[in-house]
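Undergrad: This is a predicted model, with the sequence first.
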Amino acid sequence: MTGPIRSRSPSSPDDQSSVRERTPVPSTSPSVAPPPPGVPAATPRARLEQKLVLARSVLAKLPGTDDRARLLHIAVLRRDESLLDGVLASLGVDPDQGNPQPR
């Protein structure tokens, strides 16, 4: 059996809840260091786009049978920055600079 149906009283906590406006919290230390003078600040999206352009140019030079070419293709399709970094590094290309790394 079920108990009697209870009606909510107007003083219940659910009826008194409200949405408060967010107040900004001042930061004592910046979480990201500003770029050095003379270096333009790159947004994460711009950095990823630059890596995708580099990956496509490297991909055009690789044979289709190379396993790294397949992984690089997947990284470009998924826009996976971590996978791009790893595959480009294994190919001897610095993902942040676009220059071949000395090995």
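TA: Received the coordinates, thanks.
Undergrad: Quick check: residue 95 vs residue 43, distance?
TA: Residue 95 sits 16 Å away from residue 43 when distances are taken as C-beta to C-beta, to the nearest Å. In short, each C-beta sits where N, CA and C put it, glycine included.
Undergrad: now do residue 91
TA: Taking C-beta to C-beta as the criterion, residue 91 is separated from residue 43 by 25 Å.
Undergrad: Which helix in the chain has the most residues?
TA: Using DSSP state H, we find that the single longest helix of the chain is helix 44-61.
Undergrad: buried residues in the following helix or strand past it?
TA: Once helix 44-61 ends, the next helix or strand along the chain (criterion: DSSP states H and E) is helix 67-78. Neighbour counts over helix 67-78 (16 or more other C-beta atoms under 10 Å) mark 68-69, 71-73, 75-76 as buried.
Undergrad: re earlier: more neighbours: which of residue 91 and residue 43?
TA: Under the criterion of other C-beta atoms under 10 Å, the comparison of residue 91 against residue 43 puts residue 91 first, with 20 against 8.
Undergrad: And the contacts of stretch 56-70?
TA: 72-73, 76, 87-88, 90-91, 93 (C-beta atoms under 8 Å, 6 or more residues apart in numbering).
Undergrad: 6 Å instead, please
TA: The contact list for stretch 56-70 (C-beta atoms under 6 Å, 6 or more residues apart in numbering) reads 72, 87, 93.
Undergrad: how far away is residue 68 from residue 61?
TA: Relative to residue 61, residue 68 is positioned 11 Å away (C-beta to C-beta).
Undergrad: oh sorry, the question was meant for residue 77
TA: With the distance defined as C-beta to C-beta, residue 77 ends up 18 Å from residue 61.
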